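Student: Next come a sequence and a model predicted from it.
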Amino acid sequence: MKYDIRKHIERHIGRLEAQINKSGSHPEGCWPWRGTKTHNGYGQFCADGHRMAVHRILWTLDRDRLIPEGLYILHRCEERLCCNPDHLYIAARGYHHRTGTYFQEVPEWDLARYRTSRR
Ligand SMILES: [Zn+2]
């Protein structure tokens, strides 16, 4: 059976929302996460024994679709703790022999051609 992050979050949505500051006090309109962080500064949420990146949860709930395999959710605002779905976009990682690794935004209308995996 396919892993669906939405099924794990449903019962924990209140606890998730309680840790997001949507007060609007942030000048860029960011919604900072107030809960646990990962070592590299992203929000982390635990539900049913699964540890999940908060910005990936927020993107999934907002778009109501799973993140295809190998794709990344990035912040336009560059604020790693931000949970505002409007500040999030989906991207693929590429490699260029001179400039190295880069991220390329994937238009959401084009996501159907990517395979959706367990998470
Ligand atoms: Zn933001």
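Tutor: Thanks, I have the structure now.

Student: Quick check: mean pLDDT of stretch 112-119?
Tutor: Stretch 112-119 comes out with an average pLDDT of 73.

Student: Does the residue located most distally from the centre of the chain belong to a helix, a strand or coil?
Tutor: Using CA atoms, centre = their mean, the residue of the chain lying farthest from its centre is R98. It sits 28.9 Å away. For R98, the assignment made with DSSP: H, G, I helix; E, B strand; the rest coil gives coil.

Student: pLDDT weak spots in this structure?
Tutor: Along the chain, the model assigns pLDDT under 70 to residues 1-3, 117-119.

Student: Would you map the helices across it?
Tutor: Using DSSP state H, the helices found in the chain span residues 5-9, 13-17, 54-63.

Student: will you turn the ones you listed into a markdown table that also has distance to K37 and mean neighbour count?
Tutor: Quick note: C-beta positions are derived from backbone N, CA and C, even for glycine. Compiled in a markdown table, the helices of the chain are given as follows (distance: least, CB to CB, whole Å; neighbours: other CB atoms under 10 Å):
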| stretch | distance to K37 | mean neighbour count |
| --- | --- | --- |
| helix 5-9 | 18 | 16 |
| helix 13-17 | 15 | 13 |
| helix 54-63 | 9 | 20 |
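
Student: Let's have these in a markdown table, adding distance to the ion.
Tutor: What follows is those, written out as a markdown table (distance: least, CB to the ion, whole Å):
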| stretch | distance to the ion |
| --- | --- |
| helix 5-9 | 20 |
| helix 13-17 | 17 |
| helix 54-63 | 9 |
